[in-house]
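Q: coordinates only, sequence not included:
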């Protein structure tokens, strides 16, 4: 165990909130050794050399949207929270770390413990599929800046194995127990492994979620494989394909849906992405799945069989088939937790199996399944960087506030990706749509804004290298503005049918008297991820 | 009483327009008698800076530079100019000019030695940015006296005036023509004999017409020095009015970084944007701006909006996240912002460090006539001595 204290003046760390970044490029001008820009794609080293300190201060100060965060340079006065209980945060990644910072910023002075499965300090994941894979930044250079002194007990390298809500204890895998008055669950997700364990164990088969994964994949790509096979053309798979092409590696990308990014952006922009990938030399196979990975006698990957009957020779494969929520440890806790995540209210308070809101258990980040009023109060999980930050902060605030001062998590979702030199940004929920319209720019030039609408109102917008306009569309979404905006021509959105992950939930009700009626959750293996 | 915006334009309010900007914010979107809408609150200004229905196109001009165009042509021309100024093609260019900026500043401050009084506008705030923009563009320093008067006059003639008549427009056109012809001559020279400068680069790229290169050159020449002069002069004026700030920046030179950001918020060189037009009916701040209406974005008012920033009329070095409108926002965000920031940081650092016991001779100082690009005409200071350069 070590204490997460921070305050090493000689170190400078930096992270850019790319949810806010609009591509003004001021940081590149003022710290050109740290930040690099390709059109609107911003790449940077999170832990630059110490002699870059002044450049970083200039860059951070100049950011027009103040999206650059450095190690604490000017500590602010803490708030005046009077909550004095003991707080435990389970999960030491982005949501958990931001929650811890927020608790201290708001003046929480009581005991704080963070339980983290991974060793070491919290790090930033988006660079792992980008500048780390290209080799521009080493995987260990992704630690997040210490925005403020935390004064927290940090239990690293120990996963939690159970939650006892009644006794208010978190159980750890090593047998220890940590008591709490209030607890925040932020255990995030892991990469969905290849379904066949023996095939997944072949040398050359990778997944990408942790810095360790990124280091291993970087090594494999740097060795110059004959061909890289990527399973799944979501954002992670597409970004990895982009890196492979940048490194000059032949790559085959196999996607179950009709187009890359189809699951997030629908078919219209999926077609734009498909053309972009093919123009960059990706061997893209849509409406296709991998049926088997094949190894040689030494247990090394040598290829794959596809659902269309063809075979592919490849010595590296990356399984990018989405993620699995780290919620197994909550089985039996009495929370409404399952493959769909951990259900909570808009204020991040967990909901138990009976549908009752708990006062002392909070949820944030990739595992939180919360109702979003802007989207017909539907429950959703958002595996976005910006959501982890915003929800972590809301949860922390609510943990130390009384009922009258709690905040709802109402942020309109924003996410970004960079691939093939293009910066893709999204606001709203693009799959919550029946129509789409290109409202600015041109898809042929891959510089455009697409707006999504549902039943005549705007619900999302996606930009390719036009990030500065995004906030206008966010405003339209927040105002429930009519769709399509202006005189743009709308066409069918071609988005995937929305699957309710909660459909996997099966419950049994027992008891007759209202005071006795209770629910039990029936667990079934598998389930969907969205 | 006349609308606060009309009084802001009146030269008698040049020294301190901020109480009028406060008054202006009481009506966030204010219709003027001539049908122009003046927008003065932070959120509403930011919304319009990012609204694709707000146009910057100046139909009256032939071959306008990118500042007077909308996407996609704006984006194309700005990208071409950016190739020779910053990222993605030339990311380190402006940062690499810091030693030059320091050397020029050192020379200018050295020249203040041997006396106890100087005009910091004429002797430092003006010559530094002019030297830098001339070097970048490829304009000979010795022509400075030629274009200086034209540029100054043009600044007085653009933006809303109290006598917006035909005579004013005729003179504006005449001065603009002179600047155009001057730049045309330089472009011709560079065509014959290319050099390592932006004009030669724009010619070599081949993406801009002759007219576009000339208009871009004029834009950068004027914007490159008629604005930073005010940032530097406003900076020393503000420091001298706030001795505690001056002392802190003197003792900790790194504080010049937040100081310049705060100056851009507190005393912005560009006070408003007066050239936008609504392309459609736009609902903002509870008002509908009708299609075709001219829009003025009062940046100086927005950066002091108490709904956006706490204690807005205090100059503070300790704002944790200083988001301001000093350089505008959206696709027209100031092209030369990094140059202006570094010039101001270096010039102000050297003035603070080397002028021993500086004090204002007159407060307020005399101001240049423009309400749009606002700053002192002279800034007379007295000091005990000039300390040696490092």
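A: Perfect, I can see it now. Note that this is a predicted model, so its numbers are computed, not measured.
Q: Residue B:342 contacts residue B:95, doesn't it?
A: Yes - using CB atoms under 8 Å, residue B:342 is in contact with residue B:95, at 7.5 Å. Every residue, glycine included, has its C-beta placed from N, CA and C.
Q: Now the common contact residues for those two.
A: residue A:30 (CB atoms under 8 Å, 6 or more residues apart in numbering or on different chains).
Q: And these two? Which one has more around it.
A: residue B:342 (23 against 19; other CB atoms under 10 Å in any protein chain shown).
Q: in terms of contact count, name the helices or strands touching the strand or helix carrying that one.
A: Using DSSP states H and E, residue B:342 sits in helix B:337-354. If contacts are counted by 3 or more CB pairs under 8 Å, 6 or more residues apart in numbering or on different chains; DSSP states H and E, helix B:337-354 sits against helix A:26-30, helix A:53-62, helix B:98-110, helix B:127-137, helix B:228-241, helix B:243-251, helix B:256-266.
Q: mind showing which ranges of chain B have poor pLDDT?
A: Applying pLDDT under 70 to chain B flags residues B:1, B:60, B:159-164.
Q: Contacts for the longest strand along it, please.
A: Using DSSP state E to define each element, chain B has its longest strand at strand B:273-278. Strand B:273-278 is contacted by residues B:37, B:48, B:53-58, B:68, B:159-160, B:289-297, B:299, B:328, B:332, B:372 when judged by CB under 8 Å, 6+ apart.
Q: Partner strands of that strand, with direction?
A: Strand pairing for strand B:273-278, determined by DSSP bridges: strand B:54-55 (antiparallel), strand B:294-297 (antiparallel).
Q: Tell me the buried residues in the next helix or strand after it?
A: Downstream of strand B:273-278, the next assigned helix or strand under DSSP H and E is strand B:282-284. Going by neighbour count (16 or more other CB atoms under 10 Å in any protein chain shown), the buried part of strand B:282-284 is B:282, B:284.
Q: Would you map the strands across the stretch 251-400 of chain A?
A: In the stretch 251-400 of chain A, the strands defined using DSSP state E, counting those that start in this stretch lie at A:251-254, A:283-285, A:290-295, A:301-306, A:311-313, A:316-319, A:323-325, A:337-338, A:341-343, A:349-351, A:357-363, A:368-372, A:378-380.
Q: So for residue B:12, which of the helices and strands packed on helix B:337-354 sits nearest?
A: Nearest to residue B:12 among the helices and strands packed on helix B:337-354 is helix B:228-241 (18.6 Å), distances taken as CB to CB.
Q: Give me the contact status of the closest one with chain A.
A: No - for helix B:228-241, no contact with chain A is found by CB under 8 Å from any CB of the partner chain; the gap never falls below 13.4 Å.
Q: Helix B:127-137 and that helix, what's the angle between them?
A: Computed with axes from the mean of the first three to the mean of the last three CA atoms, to 10 degrees, the direction of helix B:228-241 lies at 150 degrees from that of helix B:127-137.
Q: remind me which residues of chain A are low pLDDT?
A: Scanning chain A with the threshold set as pLDDT under 70 gives A:1-11, A:72-76, A:147-149, A:499-504, A:524-530.
Q: Kindly report the residues of chain B close to chain A.
A: Residues of chain B lying close to chain A by CB under 8 Å from any CB are B:46-47, B:50-53, B:71-72, B:75, B:86-88, B:91-92, B:94-95, B:254, B:257-258, B:260-261, B:280, B:318, B:320-323, B:327, B:329-331, B:333, B:337-338, B:341-342, B:345.
Q: Show me how to select, in PyMOL, the buried members of the residues you listed.
A: A single PyMOL command is used to select the members of the residues of chain B next to chain A judged buried by 16+ other CB under 10 Å:
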select buried, chain B and resi 46+47+50+51+52+53+71+75+86+87+88+91+94+95+257+258+260+261+280+322+323+327+329+330+331+333+337+338+341+342+345
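Q: Mind checking which of the residues of chain B next to chain A land in helices?
A: Of the positions in those, B:46-47, B:75, B:257-258, B:260-261, B:337-338, B:341-342, B:345 sit in helices, assigned by DSSP state H.
Q: Am I right that residue B:170 sits in a helix?
A: Yes - assessed by DSSP: H, G, I helix; E, B strand; the rest coil, residue B:170 belongs to a helix.
Q: Point out the residues in chain A that sit beside chain B.
A: For chain A, the contact set with chain B under CB under 8 Å from any CB comprises A:24-26, A:28-33, A:35-39, A:54-55, A:57-58, A:61-62, A:64-66, A:74, A:76, A:439-442, A:447, A:449, A:468-469, A:471-472, A:475, A:486.
Q: What ranges does the stretch 101-250 of chain A have for its strands?
A: Remark: strands assigned in the stretch 101-250 of chain A by DSSP E, counting those that start in this stretch are A:112-116, A:152-156, A:160-164, A:169-172, A:177-179, A:182-185, A:189-191, A:205-206, A:228-231.
Q: which outside residues touch the third one?
A: Going back to what we said before, that points to strand A:160-164. With contacts defined as CB under 8 Å, 6+ apart, strand A:160-164 is touched by A:90, A:115, A:117, A:169-173, A:183, A:185, A:187, A:329-330, A:332-333, A:335, A:361.
Q: and the closest residue to residue B:94 other than its chain neighbours, what does it touch?
A: Leaving aside its sequence neighbours, residue B:94 sits nearest to residue B:338 (CB to CB, 6 or more residues apart in numbering or on different chains; 4.8 Å). Residue B:338 is in contact with A:26, A:29-30, A:62, B:86, B:94-95, counting by CB under 8 Å, 6+ apart.
Q: re the thing from before, among the strands of the stretch 101-250 of chain A, which is the most enclosed?
A: strand A:182-185 (a mean of 28; mean count of other CB atoms under 10 Å in any protein chain shown).
Q: quick one: strands adjacent to that one?
A: Sheet pairing of strand A:182-185 (DSSP bridges) gives strand A:87-90 (parallel), strand A:357-363 (parallel).
Q: what's the closest of those to residue A:299?
A: Relative to residue A:299, the nearest member of the strands paired with strand A:182-185 by CB to CB is strand A:87-90, separated by 36.1 Å.
Q: can you list contacts of the closest one?
A: Residues outside strand A:87-90 that contact it (CB under 8 Å, 6+ apart): A:96, A:99-100, A:103, A:108, A:110-115, A:160, A:163, A:170, A:178-187, A:399-400.
Q: Stretch B:208-226 now?
A: Outside stretch B:208-226, the residues that touch it by CB under 8 Å, 6+ apart are B:61-67, B:77, B:80-81, B:126, B:129-130, B:132-134, B:136-137, B:139, B:147, B:151-152, B:154-155, B:176, B:179-180, B:183-184, B:186-187, B:198-199, B:202-203, B:334-336, B:339, B:373.
Q: what do you get if the cut-off is 6 Å, keeping everything else the same?
A: Here stretch B:208-226 makes contact (CB atoms under 6 Å, 6 or more residues apart in numbering or on different chains) with B:63, B:65, B:67, B:80-81, B:129-130, B:133, B:137, B:151, B:155, B:179-180, B:183-184, B:187, B:199, B:202, B:336, B:373.
Q: before we move on, the earlier item: out of the helices and strands packed on helix B:337-354, flag the one nearest residue A:392.
A: Across these, residue A:392 has its closest neighbour in helix A:53-62 (21.3 Å, CB to CB).
Q: Any idea how far the closest one is from the middle of the chain?
A: Centre-to-centre, helix A:53-62 and its host chain are 27 Å apart (CA atoms, centre = their mean, to the nearest Å).
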